[in-house]
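Asks: Please find the sequence and the predicted model below.
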Amino acid sequence: MALRLSVGACLLMNKEILFELSHAECAELYETQSDPKYSAGRFCVFCEFCVKNYNMRIQQKYDAFVAYFEEHMPIAESELHYKDPYQLLVAVILSAQCTDKRVNMTTPALFQRFPKVQDMAASSADEIYSYIKSISYPNNKAKNLLGMAQTLVRDFNGLVPSNLDDLQKLPGVGRKTANVMMAVAFNQPAMPVDTHVFRVSNRIGLTKNSKNVLETEKTLVAHLPQEVISKAHHWLILHGRYVCLARKPKCEECGITTICDFYQKKQKQQQ
Ligand code: SF4
């Protein structure tokens, strides 16, 4: 059934249009838009069918994504080695622009020298540096670790806070690190977005051309069931690290080709 769009009716497309589209064509147009807002007011009044259809398909994609990883990766955890929130926080700060493997090689000696946050707070940036010099950006990270430890001792009684705002008051802790702490240390429904989460969710089509990591975080949190949000963060990271590689994704080894926009587009182009 053809659907007539009148001049200027479709605000989402942000241009005047006057032509006929089938529901399928119309839905495809919506899919190419970045950041579709699901408010009916932004869509052409004649396209309610397509809006509902689009929303339904996005939710089906999320459902399929969760079902696949629940079955194939029921246990998904951080690859960093740690024993308590203090150790995890140190490891996460060190892991910025560095591999988890390298961090795990460095932290045993560091934690042996500084078993408690008070020990690190009483140290110096130079001494911390001597333990982490094989890691990327050791100067900055040593200063941040010292500042983080001193702030924890001074303002938080030596305990890592379990809320996003207080975590972000600590030197070296941005929104992503704070979200990692919320998800991993405190088992809260938080979605830290790193380069893997950003890339993989966009390729699959869980997000649509997100402009920044905050947009990706909000879209994923809005669509994923609360109880799997923190686990889904590990799914996306591990999938990005071992299968959906940045330069050359291993699509031939991937189990979610049927729901992946990137793969489906590539197949269409090859036909
Ligand atoms: S099909 Fe390819 S691009 Fe899509 S998620 Fe899998 S590896 Fe990544």
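Replies: Sure thing, it's come through.
Asks: can you tell me which residues contact the residue in the stretch 101-250 of the chain that the ligand sits nearest to?
Replies: Nearest to the ligand in the stretch 101-250 of the chain, going by C-beta to the nearest ligand atom, is residue 244, at a distance of 3.1 Å. Using the backbone N, CA and C atoms, a C-beta is placed for each residue, glycine as well. When the contact criterion is C-beta atoms under 8 Å, 6 or more residues apart in numbering, the partners of residue 244 are 196, 199, 200, 203, 250, 254.
Asks: What sits closest to the residue positioned nearest the centre of the chain if chain neighbours are left out?
Replies: Centroid-nearest residue in the chain: residue 193, 2.6 Å away (criterion: C-alpha atoms, centre = their mean). The shortest distance from residue 193 to any non-neighbouring residue, by C-beta to C-beta, 6 or more residues apart in numbering, is to residue 213 (4.1 Å).
Asks: The residue nearest to the centre of the chain contacts residue 215, correct?
Replies: No: under the criterion of C-beta atoms under 8 Å, residue 193 is not in contact with residue 215, lying 9.1 Å apart.
Asks: per-residue pLDDT, the residue of the stretch 101-250 of the chain closest to the ligand?
Replies: For residue 244, the model assigns a pLDDT of 98.
Asks: do the same with residue 46
Replies: Residue 46 is assigned 44 on the pLDDT scale.
Asks: And for the one 3 residues further on?
Replies: Taken from the predicted model, the pLDDT recorded for residue 49 is 58.
Asks: try residue 208
Replies: On pLDDT, residue 208 comes in at 83.
Asks: Can you give me the neighbour number for it?
Replies: When neighbours are defined as other C-beta atoms under 10 Å, residue 208 has 18 of them.
Asks: now swap in residue 190 and tell me
Replies: The local packing of residue 190 (other C-beta under 10 Å) involves 20 other residues.
Asks: so it makes contact with residue 177?
Replies: No: with contacts counted by C-beta under 8 Å, residue 190 stays clear of residue 177, the gap being 11.0 Å.
Asks: interface residues of this structure facing the ligand?
Replies: Counting by C-beta under 6 Å from any ligand atom, the chain comes close to the ligand at 203-204, 243-244, 249-251, 254, 256-257, 260, 262-263.
Asks: do that again at 8 Å, thanks
Replies: The chain comes close to the ligand at residues 200, 203-204, 239, 243-245, 249-251, 253-257, 260-263, 266, as judged by C-beta under 8 Å from any ligand atom.
Asks: Got a PyMOL select line for the buried ones in these?
Replies: With 16 or more other C-beta atoms under 10 Å as the criterion, this PyMOL line picks the buried residues out of the residues of the chain next to the ligand:
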select buried, resi 200+203+204+239+243+244+249+251+254+256+260+262+263
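Asks: Just to be sure, which of the residues of the chain next to the ligand are found in helices?
Replies: 200, 203, 204, 239, 261, 262, 263, 266 (DSSP state H).
Asks: quick one: which two of the residues you listed are the most distant?
Replies: Using C-beta to C-beta, these span at most 17.1 Å, a distance reached by 239 and 266.
Asks: residue contacts, the closest residue to residue 105 other than its chain neighbours?
Replies: Closest residue in space to residue 105, ignoring its immediate chain neighbours: residue 134 at 7.6 Å, by C-beta to C-beta, 6+ apart. Contact partners of residue 134, counting by C-beta under 8 Å, 6+ apart, are 102, 105, 106.
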